[in-house]
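Peer 1: got a predicted model here, sequence first, then my questions.
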Amino acid sequence: MIAFGQFLEVLIGGLMSGVLYSLVALGFVLIFKASGVFNYAQGAMVLLAGLALVRALDLLVANGFPLWVAVVLGIGFAAVIMAATAWLIERFVVGPLVNQDALTLFMSTIGVTFVIEGVAEMIFGSDVYPLQLFPTDAWFLFEGLFPGGILVNKLDVWGALIAGILVAGLALFFQRTKTGRALRAVADDHLAAHSVGIPISWIWFVVWLAAGLVALVAATVWGTKLGVQFSITFLALKALPVLIIGGLTSIPGAIVGGLIVGAGEKIAEVYLGPSIGGGIEYWFAYVLALAVLLVRPQGLFGERIIERI
């Protein structure tokens, strides 16, 4: 019973950690699903959103605003920053490259990453800024069944709830709204979508804005967990195996991929670590991603693409 309780605690902790990875992966899926661009800058957008939010909160609280007012205004300010960023990216980066191949667009997002990181740290600072928007203590569940109970972090539960709401909202947006269907049409063929009257520039602004707002949501959770700091940009690397496993074009796949990565990392670290050495959780996700690539290259939920040659 003790061994099963430990396994259950490790599994739940891994699943919750995986949901936090999914919050970052959702931004990648949004951009790729709607424009066919792999957005390497998503991690930098999380950093920018987090810095804008935490610095605005610090300034407002220091000037005597009540905490709840400061939180609302801070989130609003960060959302405006992300909207401005989306407009600048569409206007000066993605828009001029609308008819270029996928590799060119991907390389442009690498340049955007360095610009965002530099500008964000130049304006908002480069220190580690604590952010406390969610509770970080733990619950002890099933104490009557297992000695000591099962430890579950409240922040992870909040992250899971937020991810669930995001997935439901984005799925409805893509399937039920006119703009969502236009986004999917643009992803399939830019020129064909433009020829039937779909405004490409507006559509790309909307999808980059949506990815920016998802980055803001991810920043609130990850900023609470780690503090807002430069290393948040490396979450993009953690999201990569999530995307490969779930599929680059699937919003539910981002969640399922995150759950698989999170659970796999924790279980491997606890049960395989003592045998083959520690640090497994830093690379095990990439082994899982490689295994999925060998069996199903488009991911578990990705769309199978057939091209005639």
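Peer 2: Cool, the structure landed.

Peer 1: what packs against the lowest-mean-pLDDT helix or strand in the chain?
Peer 2: Scoring the helices and strands of the chain by mean pLDDT, DSSP states H and E places helix 190-195 at the bottom, with a mean of 75. Here helix 190-195 touches helix 178-188, helix 200-226, going by 3 or more C-beta pairs under 8 Å, 6 or more residues apart in numbering; DSSP states H and E. (C-beta placed from N, C-alpha, C; glycine too.)

Peer 1: tell me the buried residues in that helix?
Peer 2: 190, 193-194 (16 or more other C-beta atoms under 10 Å).

Peer 1: same check on stretch 96-109?
Peer 2: So, applying 16+ other C-beta under 10 Å, buried residues of stretch 96-109: 98, 105, 108-109.

Peer 1: now stretch 119-133
Peer 2: Within stretch 119-133, the residues scored as buried using 16+ other C-beta under 10 Å are 120, 124, 129, 131, 133.

Peer 1: farthest-separated two in these?
Peer 2: A120 and L133 (19.1 Å; C-beta to C-beta).

Peer 1: now, the buried residues of stretch 96-109 that are in helices?
Peer 2: Those of the buried residues of stretch 96-109 mapping onto helices are 105, 108-109, per DSSP state H.

Peer 1: buried sites along stretch 292-299?
Peer 2: 292, 298-299.

Peer 1: what's it in contact with?
Peer 2: Contacts with stretch 292-299, where a contact means C-beta atoms under 8 Å, 6 or more residues apart in numbering, come from 243-248, 250, 253, 257, 300, 302, 304-305.

Peer 1: which one (most neighbours) among those residues?
Peer 2: Within those, neighbour counts (other C-beta atoms under 10 Å) peak at G257, which reaches 32 neighbours.

Peer 1: what's the average pLDDT for stretch 196-211?
Peer 2: Mean pLDDT, computed over stretch 196-211, is 86.

Peer 1: any idea how far it is from the chain center?
Peer 2: 20 Å (C-alpha atoms, centre = their mean, to the nearest Å).

Peer 1: put the alpha carbons of that stretch into CSV.
Peer 2: Output in CSV follows, covering the C-alpha atoms of stretch 196-211 (Å, rounded to 0.1, in the frame of the first residue of the first chain):
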residue,chain,number,x,y,z
VAL,A,196,-11.5,34.4,-51.5
GLY,A,197,-11.3,37.6,-49.5
ILE,A,198,-9.8,36.5,-46.2
PRO,A,199,-7.6,39.4,-44.8
ILE,A,200,-4.2,37.6,-44.2
SER,A,201,-2.7,40.5,-42.2
TRP,A,202,-5.7,40.7,-39.8
ILE,A,203,-5.8,36.9,-39.4
TRP,A,204,-2.1,36.7,-38.5
PHE,A,205,-2.4,39.5,-36.1
VAL,A,206,-5.3,37.7,-34.3
VAL,A,207,-3.4,34.5,-34.0
TRP,A,208,-0.2,36.1,-32.7
LEU,A,209,-2.4,38.1,-30.3
ALA,A,210,-4.0,34.8,-29.1
ALA,A,211,-0.5,33.2,-28.7
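
Peer 1: pass me the low-pLDDT residue ranges in the stretch 1-150 of the chain, would you?
Peer 2: For the stretch 1-150 of the chain, the stretches with pLDDT under 70 are 1-2.

Peer 1: for this structure, what spans make up the strands?
Peer 2: Along the chain, counting by DSSP state E, strands occupy 138-141, 150-153.

Peer 1: any chance of those strands in TSV, plus distance to L15 and mean neighbour count?
Peer 2: Formatted as TSV, those follow (distance: least, C-beta to C-beta, whole Å; neighbours: other C-beta atoms under 10 Å):
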stretch	distance to L15	mean neighbour count
strand 138-141	14	14
strand 150-153	10	17
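
Peer 1: format those strands as a markdown table; extra columns: distance to A62.
Peer 2: A markdown table is the format used below for the strands of the chain (distance: least, C-beta to C-beta, whole Å):
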| stretch | distance to A62 |
| --- | --- |
| strand 138-141 | 31 |
| strand 150-153 | 29 |
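
Peer 1: closest one to A52 among the ones you listed?
Peer 2: That would be strand 150-153 among the strands of the chain, by C-beta to C-beta, at 25.8 Å.

Peer 1: surely W87 meets F205?
Peer 2: Yes - W87 is within contact range of F205, at 6.0 Å (criterion: C-beta atoms under 8 Å).

Peer 1: compare neighbour counts for the two and give me the winner.
Peer 2: Counted by other C-beta under 10 Å, W87 and F205 do not tie: F205 has more neighbours, with 20 against 15.
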